[in-house]
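Asker: Need a 3D model of the following:
(one chain, ligands or ions: 2)
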Amino acid sequence: MRTAYRVETVRTAERALMDRLPAGTLMARAAAGLAAACADLLPSGRSRRVVLLVGGGDNGGDALYAGARLARRGVGVTAVLLAPDRAHPGGLAALRAAGGRTTTPDAAAAALARADLVVDGITGIGGRGGLRPAAAELARAVAAAGAPVIAVDLPSGVDPDTGEVHGDAVRAALTVTFGTHKPGLLVDPAAEYAGRVRLVDIGLGPELPPGPDLTALEPADVAALLPRPGAESDKYRRGVVGIAAGSARYPGAAVLAVGGALRGGAGAVRYAGPADAAVIARYPEALVSTGLPHRAGRVQSWVVGPGVGDDREARERVADVLDADVPVLIDADGLRGLDPARVRARSAPTVLTPHAGEAAALLGTSRPEVEAGRLAAVRALADRFGAVALLKGSTTLVADPAGGAVRANPTGTAWLATAGSGDVLSGLIGALLAAGLTPLDAASAGAYLHGLAGTHAPVPPMASTITEALPAVWHELLGEPRGR
Ligand SMILES: NC(=O)C1=CN([C@@H]2O[C@H](COP(=O)(O)OP(=O)(O)OC[C@H]3O[C@@H](n4cnc5c(N)ncnc54)[C@H](OP(=O)(O)O)[C@@H]3O)[C@@H](O)[C@H]2O)[C@@H](O)CC1
Ligand SMILES: [K+]
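Answerer: Ligands and ions are numbered 1, 2, ... in the order given. This next block holds a predicted model:
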């Protein structure tokens, strides 16, 4: 599990560690890791030039010490000093002693034009608000120059705690972060600016509290969560999913949600609704009925909403499912006008899976506001509805109403934003709920599988090809030969 901590927690841990170590040790560790990452990215066998962007804090100090290490190895290093009188004195002295040069922001463009690599040390965890004008101009000059960028700790201009980006920010190919991930590195829009992220161990681990602010599942975590049928399994032990999706007008949503549930490992899928003929034609495995969901027979979870429409009949189906005493996932049309009190009053857990537009409607805010502050939005949804909230999008986030770390989904591709993709996800999570995973685990493992299937599906993927890619993803994660 990757873990991320907010700045306040990082600072406390850093102080505790610093008290036990000789001055300068942490910065030396950070700079060594940073210099190694730079060396990996630099072309070999010819004269190489690195430009450091140096702010007035310790982030700039890291860049200067790393620059000194590179200069000692024969790399041509030029430091652009944003605040010459405040640049880290020890770092500056080390760079100069190693033969590095310094310059001012007005001469940056010429240096950047010849750079093989740029090291962004303008701000790290000490950055506040959007970049100030001189720093913002430098960020634009870097983008115009086009050389690859390594960000020190965080790309300058992104909010470390929330992942928000206000105005210009540096876009990096790689971010070398120290001690622990910060939430902003795993949440869009900031995550997109960070590029790949490399964590350098500076010994902070033992000083960090057990409860991180954000986590991201790794393959082994997902593999441990996925249900594996045992010798004694029957369909009820593996989990029966009820799907109340689709309508005469939108039968496809029913088919896709049922497919997601079947490929999510369900022991059986009961479909209730008017798209029964389309479902049975595609999936003869499904048990179909046309009455209200509660008449469909015993299930261990319900999925309601995709493609149900918004007429009286649709509202009746949604209300009927909300009365069920099993975990319920509500998506798409099921989320329209959803009453927080009704969801809070349910006797079993609820999972909501809105995209940003649906989340905005549920929170009474705007879509751009949700997209700019995804972390705050997903927490607010979980809080308001007393439900696990999964906010779909460039970074899918999952929040638990009990609090604790928000989970950021690390898999997926922009190609997943295709019609019906969310219907597959809802069925998939429904199957994991029926198998007995906690709602938080079901939602985050479902998002993980779905994202991975999206990257396995032939490009451009369709929702049904995401479903078809799921078996390969299960095999990959469980590490079992096919057919076992
Ligand atoms: N934690 C750890 O364990 C370790 C931390 N380490 C490193 O220390 C870094 C934190 O250093 P830090 O505290 O000195 O803050 P930092 O990020 O350099 O920013 C402050 C500078 O930025 C400026 N500034 C602020 N906002 C701005 C804006 N919007 N636009 C433009 N400028 C802005 C601010 O100016 P001021 O407000 O003072 O005028 C000040 O000059 C951390 O990220 C990591 O790299 C490692 O060395 C070792 C282990
Ligand atoms: K930085």
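
Asker: Close to ligand 2: what parts of the stretch 151-300 of the chain are there?
Answerer: Those residues of the stretch 151-300 of the chain that sit near ligand 2, judged by Cβ under 5 Å from the ion, are 151, 152, 156. The way it works is simple: take the backbone N, C-alpha and C, and place the C-beta from them, glycine included.

Asker: So stretch 127-144, near ligand 1 or not?
Answerer: Yes - for stretch 127-144, a contact with ligand 1 is found by Cβ under 6 Å from any ligand atom, at 127, 128, 129, 131, 132, 135.

Asker: Now which of the residues you listed would you call buried?
Answerer: The neighbour count (16 or more other Cβ atoms under 10 Å) marks 127, 131, 132, 135 as buried among the residues of stretch 127-144 next to ligand 1.

Asker: what number of residues lie near the residue of the stretch 251-400 of the chain found nearest ligand 1?
Answerer: Proximity of the stretch 251-400 of the chain to ligand 1 (Cβ to the nearest ligand atom) peaks at residue 372, 16.8 Å away. Residue 372 has 18 neighbours, counted by other Cβ atoms under 10 Å.

Asker: Phi and psi next, for it.
Answerer: The phi and psi values for residue 372, taken as degrees, to the nearest 10, are phi -80, psi -30.

Asker: so what's it up against?
Answerer: Contacts for residue 372 were tallied using Cβ atoms under 8 Å, 6 or more residues apart in numbering; they are 164, 165, 189.

Asker: Tell me the one among those residues nearest to residue 94.
Answerer: Ranked by distance to residue 94 (Cβ to Cβ), these are led by residue 165 at 31.7 Å.

Asker: The closest one and residue 158 touch, don't they?
Answerer: Yes - counting by Cβ atoms under 8 Å, residue 165 does reach residue 158; the two are 5.2 Å apart.

Asker: Those two: who's more crowded?
Answerer: residue 158 (31 against 20).

Asker: Need the overlap of contacts for residue 165 and residue 158.
Answerer: Common neighbours of residue 165 and residue 158, counting by Cβ under 8 Å, 6+ apart, are 189, 190, 193.

Asker: Next, format these as a markdown table and append distance to residue 453.
Answerer: Formatted as a markdown table, the shared contacts of residue 165 and residue 158 follow (distance: Cβ to Cβ, whole Å):
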| residue | distance to residue 453 |
| --- | --- |
| 189 | 24 |
| 190 | 26 |
| 193 | 27 |
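
Asker: Ranking by neighbours, what's the top pick from the residues you listed?
Answerer: Within the shared contacts of residue 165 and residue 158, neighbour counts (other Cβ under 10 Å) peak at residue 190, which reaches 28 neighbours.

Asker: Enumerate every residue touching it.
Answerer: 154, 155, 158, 159, 162, 163, 164, 165, 169, 184.

Asker: Which of the helices or strands spans the closest residue to the fourth one other than its chain neighbours?
Answerer: Nearest in space to residue 159, with sequence neighbours left out and distances taken as Cβ to Cβ, 6 or more residues apart in numbering, is residue 184 at 5.6 Å. Take DSSP states H and E as the rule and residue 184 turns out to sit in helix 183-186.

Asker: Mind listing what's buried along that helix?
Answerer: Residues 183, 184, 185, 186 are the ones in helix 183-186 that count as buried (16+ other Cβ under 10 Å).

Asker: Quick check: of those, which lies closest to residue 222?
Answerer: residue 186 (15.9 Å).

Asker: show me where pLDDT drops low in the stretch 351-484 of the chain?
Answerer: Scanning the stretch 351-484 of the chain for pLDDT under 70 picks out 480-484.

Asker: residue ranges for the helices of it, please.
Answerer: Taking DSSP state H, counting those that start in this stretch to define them, one finds helices in the stretch 351-484 of the chain at 356-363, 367-372, 374-385, 421-434, 439-456, 463-478.

Asker: Show me how the record splits this structure into domains.
Answerer: Domain assignment for the chain by automatic domain parsing gives 2-216, 219-478.

Asker: Check the offset of the last one from the chain's centre.
Answerer: A distance of 18 Å separates the C-alpha centroid of domain 219-478 from that of its chain, computed with Cα atoms, centre = their mean, to the nearest Å.

Asker: Same question for the shortest one.
Answerer: How far domain 2-216 lies from its chain's middle: 22 Å, per Cα atoms, centre = their mean.

Asker: follow-up on the earlier one: select from the buried ones among the residues of stretch 127-144 next to ligand 1 every entry located in helices.
Answerer: If you go by DSSP state H, these have residue 135 in helices.
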